[in-house]
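Student: this is the structure alone, sequence omitted:
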């Protein structure tokens, strides 16, 4: 999608602090981190959010989850981390490209909202 921020990051048109890339996904550090480690993992294939994820092949969805685990291990998040995907305006999804936040590097609150 030509006007999608994350598509432009994946294409290298907008710089990012890349931490991981494979055939399925691209991962980079969030520019407004909410935890000491805050990484966004996005599929290379554009899809708006988790509601539209049925449009993606099962291998892409599995690859995203596997990448999240690899990234967390590489970042030393062995004590734990949180994975979040905001979906839609009520959840404050700010970029309409499916993405997962990896948050870690600190003790998280039990409260998620």
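Tutor: Received it, and whenever you're ready, just let me know what you need. Quick caveat, the model's predicted, so the values are computed rather than measured.

Student: show the average pLDDT along stretch 81-96.
Tutor: Stretch 81-96 shows a mean pLDDT of 95.

Student: in the lengthiest helix in the chain, what's buried?
Tutor: As assigned by DSSP state H, the longest helix anywhere in the chain is helix 58-74. For helix 58-74, the neighbour count (16 or more other C-beta atoms under 10 Å) marks 60-61, 63-64, 67-68, 71-72 as buried. Bear in mind the C-beta positions are built from the backbone N, C-alpha and C, glycine included.

Student: turn those residues into CSV, including distance to residue 109 and pLDDT.
Tutor: Compiled in CSV, those are given as follows (distance: C-beta to C-beta, whole Å; pLDDT from 0 to 100):
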residue, distance to residue 109, pLDDT
60, 31, 96
61, 28, 96
63, 30, 97
64, 25, 97
67, 26, 98
68, 21, 98
71, 22, 98
72, 19, 98
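
Student: how about the contacts made by residue 39?
Tutor: For residue 39, the residues meeting the contact criterion (C-beta atoms under 8 Å, 6 or more residues apart in numbering) are 19-20, 27-30, 71, 75, 101-102.

Student: over to residue 79?
Tutor: Taking C-beta under 8 Å, 6+ apart, we find residue 79 in contact with residue 104.

Student: just the element for it, please.
Tutor: According to DSSP states H and E, residue 79 maps onto no helix or strand at all.

Student: so how far is residue 60 from it?
Tutor: Here residue 79 is placed at a distance of 29 Å from residue 60 (C-beta to C-beta, to the nearest Å).

Student: where does this structure have low pLDDT?
Tutor: Applying pLDDT under 70 to the chain flags residues 1, 113.

Student: hmm, back to that, and the next element down the chain from the longest helix of the chain?
Tutor: Proceeding N to C from helix 58-74, the next assigned helix or strand is strand 81-84, under DSSP H and E.

Student: what's that following strand packed up against?
Tutor: strand 100-104 (3 or more C-beta pairs under 8 Å, 6 or more residues apart in numbering; DSSP states H and E).
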